[in-house]
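Q: the following comprises the amino acid sequence and a computationally predicted model.
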Amino acid sequence: MFDQLSDRLQKVMKFLKGEGKVTEKNMADALKMIRMAFLEADVNYKVVKDFEARIREKALNQEVLDSLTPAQQVVKIVRDELTAILGTSEKPLTFAGTPPSIFMLVGLQGSGKTTTCGKLAKWALGHGKNPLLVSCDLKRAAAQDQLKMIAGSLNFPFYEMTAQQMAAPQEALAELVRFTKNRGYDLLLVDTAGRLHVDNELMEELRLVKDILNPIEVIYVGDSMTGQDAVKSGQAFADKIGLTSIILTKLDGDARGGAALSIVSVTGKPIKFVGVGEKYDKLEVFHPDRMASRILGLGDILSLIEKAEKETDVQEAEELARKIRKQEFTLEDFKKQLGQLKKMGSLSGMLGHLPNVGPFKNLGQAQIDDRKILHFEAIINSMTAEERLNPKVINGSRRQRIARGSGRPVHEVNQLLKQFLEMQKMMKKSAFQKILSSLR
């Protein structure tokens, strides 16, 4: 979502490096470019103003100006200040010393709050927690249906509040806490009412739920696609309800990034997670320093490695390494690797984690059609076992049959076979074999 801002800021850094030496004049020009880049990204004006003032003060320090690499010093200053805007460092969720920990999710209707409740439950389960889901919309009984469906699809327990119970919220919520403790659930995830906009009725209802449940985390779920509207509503929830943390949804969308770059400063609360896709496993811990590096084109290799470790089957990886060493890599193995790539998300997203320098330069901006993976899988699935094991037997008539079976044109079959044969040749090179040996 930061593509436009990232592109503009990288141009500013390139401009400064091209100047050779940082002066008050070219720094003023650079700050003007930074200011315009932030405002066009829909960042809060006060946040931009403070950011610009801090950059000016630090960048024009005499020690920086007299250094051998002033432009690089400025890049570091911009990265550090960008990290500060985003929240300085990763902030983990707080869990109660004595279970259950109660997390209350608040936000406007359509922000992805209920879906995030399911994502958070899935994340918690992976970290040794035993979550129970409940919807505490005290006005609309039908509001529970969506969360109940999500809980069912993920095989999580769901506590259903009846209309009769919701008529007496004090007793109903007290019974909910007792039920959670007695059944041994150590995490209670509470979805709450949403409206299209902030109103007094909503705030009174949320305050009532919060006062009775006394949650250890009150999490604002904001739609990053709405830009400053998410920031304004987040500030309203912080002022009237009180928040402990923020989850931003749809960070994989085509928004300009203003919400992520403003909401921490405006609300004073950290972003702890971001939603990066529709599936329930697409919830990621937010790292301000890594995000700042990505925006400036410096890459985020750590997140890419973590994603690979999470999605890669260790046994399959070891078997693949063995086959490569023995030069037994087949199209069937190639198909398995395509499946692993799909699990890690879009290719464009993965390339966006690479630094925009050296051999990786401009890879992050490459427009890659992720449907190619699906097409290649379809082509391989249309091959016989013999053809996957030994693609050299695939002649013209076989290529036409494979193309018909996969629904893809013959030239794509040729493209796949060419790329696979090139991979095999590369794997036979001694340098590649040495690298593999060192990894054993």
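A: Good, I have the coordinates. Numbering: from 1, shown residues only.
Q: count the residues that sit near A168.
A: When neighbours are counted by other C-beta atoms under 10 Å, A168 registers 11. For the C-beta atoms, the positions are set from N, CA and C on the backbone; glycine is no exception.
Q: Y45 now?
A: 12.
Q: same thing with Q170?
A: Residues near Q170, counting by other C-beta under 10 Å, number 10.
Q: and R35, by the same measure?
A: 17.
Q: gap between it and L125?
A: 44 Å (C-beta to C-beta, to the nearest Å).
Q: how far does the host helix or strand of E52 sit from its chain's centre?
A: Take DSSP states H and E as the rule and E52 turns out to sit in helix 45-59. Centre-to-centre, helix 45-59 and its host chain are 27 Å apart (C-alpha atoms, centre = their mean, to the nearest Å).
Q: dump that helix to PDB, restricted to CA.
A: The C-alpha trace of helix 45-59 is given here as PDB (Å, rounded to 0.1, in the frame of the first residue of the first chain):
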ATOM      1  CA  TYR A  45      -0.900  17.500   8.500                       C
ATOM      2  CA  LYS A  46       0.300  17.900  12.100                       C
ATOM      3  CA  VAL A  47       2.200  14.600  11.800                       C
ATOM      4  CA  VAL A  48       3.900  15.800   8.600                       C
ATOM      5  CA  LYS A  49       4.800  19.200  10.200                       C
ATOM      6  CA  ASP A  50       6.400  17.600  13.300                       C
ATOM      7  CA  PHE A  51       8.200  15.000  11.100                       C
ATOM      8  CA  GLU A  52       9.600  17.700   8.900                       C
ATOM      9  CA  ALA A  53      10.800  19.800  11.900                       C
ATOM     10  CA  ARG A  54      12.600  16.900  13.500                       C
ATOM     11  CA  ILE A  55      14.300  16.000  10.200                       C
ATOM     12  CA  ARG A  56      15.400  19.600   9.600                       C
ATOM     13  CA  GLU A  57      16.900  19.900  13.100                       C
ATOM     14  CA  LYS A  58      18.800  16.600  13.000                       C
ATOM     15  CA  ALA A  59      19.900  16.800   9.300                       C
END
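Q: okay, which residue is most central for the protein?
A: By C-alpha atoms, centre = their mean, the mean C-alpha position of the chain lies nearest to V276, the distance being 3.8 Å.
Q: tell me which residues in the helix holding E52 are buried?
A: V47, V48, F51, E52, R54, I55, K58, A59 (16 or more other C-beta atoms under 10 Å).
Q: make CSV out of those residues and add pLDDT.
A: Output for the buried residues of helix 45-59, formatted as CSV (pLDDT from 0 to 100):
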residue, pLDDT
V47, 89
V48, 90
F51, 90
E52, 90
R54, 91
I55, 89
K58, 85
A59, 81
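Q: okay, now the nearest residue to the residue nearest to the centre of the chain once chain neighbours are set aside: neighbour count?
A: Nearest non-adjacent residue to V276, counting by C-beta to C-beta, 6 or more residues apart in numbering: D252, 4.6 Å away. D252: 18 surrounding residues under other C-beta under 10 Å.
Q: thanks again, I'm all set now.
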